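Asker: whatever this is, show me its structure:
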Amino acid sequence: MFLGRKLNKVPARTYGRLSRDEQGRLVLKYRPWLVLPERTLTLPEGKYVVGKGAIFSEIQQQDGDDVHTAMLLPPRYHTHEDKLVPIYNLIGVRYIGLRAAWQWLKESVGLKAQPVAA
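Answerer: Below is the predicted model:
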């Protein structure tokens, strides 16, 4: 996975592995320049949800009505977003980008919306 934004002086798009620590916080383990010693970055506390996009998906931090990109998922995660929810103990899945626009268009025309697993 890739870090979605700059956090604690760690640049955006930093590649690493996401996991949960003993306290249940999301932790990114990464290697600067892919060869230096491994470091860890604890993501901020909050509610996290998987954003299901048309091409790329992401893990988002949800603070009330505000949503911030936390992690960007590689294309190989496409269609596997639902499986990430129990693995990382996330809230659920929501549509983002073109998928969200398409869903809104279908609902406004009156077509039945398919529920997304929460």
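Asker: contacting residues for residue 55?
Answerer: The contact partners of residue 55, taken as CB atoms under 8 Å, 6 or more residues apart in numbering, are 75, 78. In short, each C-beta sits where N, CA and C put it, glycine included.
Asker: listing partners with orientation, what would you give for the helix or strand that contains residue 50?
Answerer: Taking DSSP states H and E as the criterion, residue 50 maps to strand 47-52. Paired neighbours of strand 47-52 in the sheet (DSSP bridges): strand 57-63 (antiparallel), strand 93-95 (parallel).
Asker: can you list the ones you listed in JSON lines and add distance to residue 70 and mean pLDDT?
Answerer: JSON lines is the format used below for those (distance: least, CB to CB, whole Å; pLDDT from 0 to 100):
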{"stretch": "strand 57-63", "distance to residue 70": "5", "mean pLDDT": "91"}
{"stretch": "strand 93-95", "distance to residue 70": "14", "mean pLDDT": "89"}
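Asker: to which secondary structure element is the closest residue to residue 59 other than its chain neighbours assigned?
Answerer: Of all residues not flanking residue 59 in the chain, residue 71 sits nearest, at 4.1 Å (CB to CB, 6 or more residues apart in numbering). Assigned by DSSP H and E, residue 71 falls within strand 66-73.
Asker: next secondary structure after that strand?
Answerer: Downstream of strand 66-73 (by DSSP H and E), the next one is helix 81-88.
Asker: buried stuff in the strand holding residue 71?
Answerer: 70, 71, 72, 73 (16 or more other CB atoms under 10 Å).
Asker: what does stretch 93-103 give?
Answerer: So for stretch 93-103, counting by 16+ other CB under 10 Å, buried means 93, 94, 95, 96, 99, 103.
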